[in-house]
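Participant: okay, here's the prediction I keep looking at, along with the sequence it came from:
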Amino acid sequence: MLSYLVFTLTIGGLYALLALSLNLIWGGVGMVNLGLAGFFGLGAYATAIATGAGAPLVVGLAAALLVGVAAGGLVTFATLRLRDDYLAIVTLGFAEVVRLVALNERWLTKGSDGISGIRAPFKAELGTAGFAWFYLAFVTAIVIAVWLLMRRLDRAPIGRAMKAVREDQELARFAGKDVLRLKFQAFAVSAAIAGLSGALYAHFQSYVAPDHIQPLITIYIFLAVTAGGVGRPAGAVLGAYAVVIFLEGTRFAAEIVPGLQPVQLAALREIMVGMALILILRLKPQGVLPERNPPAPRPAA
Amino acid sequence: MSATAILQALLNGLMTGTLLAVPAVGFTAIFAVLRFPNFAVAAYATIGAFAAWWVNTRFGLPIIPALAVAFLAAGLAGAVAEKLALDALRPAGALTVAIASIALNLVLENVVRFAFGNDLRGFDLPIVADLRFAGLRVGLQQIQSLVLALGIMAALLAFLRWTRFGRAMRAVADNADLARLKAIDPALVATVTIFLGAGLSGVGGVLIGLDTSIDPLTGYRVLLAVFASAVLGGLGSIPGAVAGALMLGISEELALLVFPATYRSAVGFAAILLMLTFRPRGLLGERAA
């Protein structure tokens, strides 16, 4: 039971990183990424391939970050000037393409078998249980670090400039903000964080396969950020842990409901996730931890 | 590569493109009037496919009445679901509605999964031999689907051009405020558009699943191609969606002469990226910024 809890919290941390990634662009500059799962997968494969070729862990994680940034550039360069729904369509397609490449380029990704035996840091020294605890601490520390960074960013001038872009691009441009640059930077950093989450997943599970690039993950993260509060990093983190607990909780609930097939239980769970997202958007769009807008500074008299 | 192979690819592309045009027109019509990309068209395609499959295998309905059932079932599901789930979100902006439509898609897809499971289902159709001429091969079933798709699109264009309601829809798509001044009820137009768009997606789901099989992900699998068709033609343009679908169908088949068949949906992605880079408003669209 304890090891199950440790596992769940580690996954919660990975979701929290994805939620911080989405919150940065959605809550920041008002862009969405429907291909979060693709960036997650890309990061996982990047480090799996790099460390598989003998690179140290740090290089693997750095590779995941870089590949995330590069992919972020690919999906934004065509859409940055367009209405934001174009980006939504492109990112959705991007995740599918990542999955297809992972499935087909066997020389690189081992196809549908996936890459196994990805290095799990200190697992040999710590043993299975020790590794689980160590990795939980490792992931949690990274979540805290990224959260602090995002909070700092949120309150910095650039954070306010980003939110100005979100509220009204024309006005922000008129106020002298470089809108395209802000959007590009936000998306690149966001993509890097999603890639990092995937890389941490790969070293946690020691295994990555095309099946792990699930569009459902993206919807879970949208639910997390909406529930927690769009535009508030702490909300995104809280929402992510809440969603993981909810998803795991439905597993136990499933044992209570009699007479349903496993596929029906899974379907019910996804129905609940979808309805929850719609209901929150309808009833409490600001989330549990609403965004905080500091009052404008008083002009010097 | 022989000339026959290229001709065959062009022919196949024309076929898949025509079938794809049906849901693409549904998607782009909803976009034209309601101004958001509706991800739930995937679920409507699946619902249509399952409705047609159900009346076909259970009551032995032939394909044309089954298509009508698919249209009604998907259209009704769309009109009701959007009224319940998305209508109130419209003031929050296109992006919020689009995200809610993803959630709606998840709900509806899983309702189908709950009822029918994940198994692949095949339609109960008479088996017919392929036609061959000049070294090319084409199935009678495909020709029937092609004719049906063309008929449906002709009916739609006639509806938009010559009926009062069709004109009202185009007026709202052009300029909602101006349409309101002319005593056109935008809410009613929106509902009918969703019914129509979802219904067409449902018909598209059937046509696409007809010569293979269907499952709860049938709609989701063509979603990217539907988006690509609409973007290629220009989001919100109905003739554009038809042109985009044909272009995508042909590009897919030609690309598959060179790339492995599993990369089919990547062609849609590449087409979207190229079009948005060089001509974001698409072949026949107005604007994209």
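Facilitator: Looks like it arrived, so ask away.
Participant: buried ones in the helix or strand containing A:Ala63?
Facilitator: For A:Ala63, the host element (DSSP states H and E) is helix A:57-77. Buried positions in helix A:57-77, judged by neighbour count with 16 or more other C-beta atoms under 10 Å in any protein chain shown: A:57, A:60-65, A:67-69, A:71-72, A:75-76. Every C-beta, even on glycine, is put in place using the N, C-alpha and C of the backbone.
Participant: now swap in stretch B:75-92 and tell me
Facilitator: Per 16+ other C-beta under 10 Å, stretch B:75-92 contains these buried residues: B:75-79, B:81-82, B:85-86, B:89-90.
Participant: what about stretch B:267-282, distance to the chain center?
Facilitator: Averaging C-alpha positions (C-alpha atoms, centre = their mean, to the nearest Å) puts stretch B:267-282 18 Å from its chain's average.
Participant: how about it as PDB, C-alpha atoms only?
Facilitator: Taking C-alpha atoms only, stretch B:267-282 is exported to PDB below (Å, rounded to 0.1, in the frame of the first residue of the first chain):
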ATOM      1  CA  VAL B 267       0.400  13.600 -44.400                       C
ATOM      2  CA  GLY B 268      -2.500  15.600 -42.900                       C
ATOM      3  CA  PHE B 269      -0.200  17.100 -40.300                       C
ATOM      4  CA  ALA B 270       2.400  18.000 -42.900                       C
ATOM      5  CA  ALA B 271      -0.300  19.500 -45.200                       C
ATOM      6  CA  ILE B 272      -1.600  21.700 -42.400                       C
ATOM      7  CA  LEU B 273       1.900  23.000 -41.500                       C
ATOM      8  CA  LEU B 274       2.700  23.700 -45.200                       C
ATOM      9  CA  MET B 275      -0.600  25.500 -45.800                       C
ATOM     10  CA  LEU B 276      -0.400  27.500 -42.700                       C
ATOM     11  CA  THR B 277       3.100  28.600 -43.400                       C
ATOM     12  CA  PHE B 278       2.500  29.700 -47.000                       C
ATOM     13  CA  ARG B 279      -1.200  30.500 -47.200                       C
ATOM     14  CA  PRO B 280      -2.900  30.500 -43.800                       C
ATOM     15  CA  ARG B 281      -6.300  31.400 -45.200                       C
ATOM     16  CA  GLY B 282      -6.300  28.200 -47.200                       C
END
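Participant: can that stretch be said to contact chain A?
Facilitator: Yes. Using C-beta under 8 Å from any C-beta of the partner chain, stretch B:267-282 reaches chain A at B:268-269, B:272-273, B:276-277, B:280.
Participant: any chance of those in a markdown table with secondary structure as columns?
Facilitator: Listed next are the residues of stretch B:267-282 next to chain A as a markdown table, based on DSSP: H, G, I helix; E, B strand; the rest coil:
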| residue | secondary structure |
| --- | --- |
| B:Gly268 | helix |
| B:Phe269 | helix |
| B:Ile272 | helix |
| B:Leu273 | helix |
| B:Leu276 | helix |
| B:Thr277 | helix |
| B:Pro280 | coil |
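Participant: tell me the one of the buried residues of stretch B:75-92 nearest chain A?
Facilitator: Using C-beta to the nearest C-beta, B:Ala85 comes nearest to chain A of those, at 5.1 Å.
Participant: which non-adjacent residue is nearest B:Ala81?
Facilitator: Spatial nearest neighbour of B:Ala81, chain neighbours left out: B:Leu104 (5.9 Å); criterion: C-beta to C-beta, 6 or more residues apart in numbering or on different chains.
Participant: what is whichever strand or helix holds the one you found packed up against?
Facilitator: Under the criterion of DSSP H and E, B:Leu104 resides in helix B:94-116. Here helix B:94-116 touches helix A:84-104, helix A:215-228, helix A:262-283, helix B:41-59, helix B:63-85, helix B:218-233, going by 3 or more C-beta pairs under 8 Å, 6 or more residues apart in numbering or on different chains; DSSP states H and E.
Participant: strand partners (parallel or antiparallel) of the helix or strand immediately after it in the chain?
Facilitator: Remark: after helix B:94-116, the chain's next helix or strand is strand B:130-133, criterion DSSP H and E. With DSSP bridges as the test, strand B:130-133 is paired with strand B:136-139 (antiparallel).
Participant: quick revisit: ok, the residue nearest to B:Ala81 - how many residues close by?
Facilitator: 25 (other C-beta atoms under 10 Å in any protein chain shown).
Participant: that one contacts B:Tyr44, doesn't it?
Facilitator: No. Under the criterion of C-beta atoms under 8 Å, B:Leu104 makes no contact with B:Tyr44, lying 10.0 Å away.
Participant: any common contacting residues for these two?
Facilitator: Residues touching both B:Leu104 and B:Tyr44 by C-beta atoms under 8 Å, 6 or more residues apart in numbering or on different chains: none at all.
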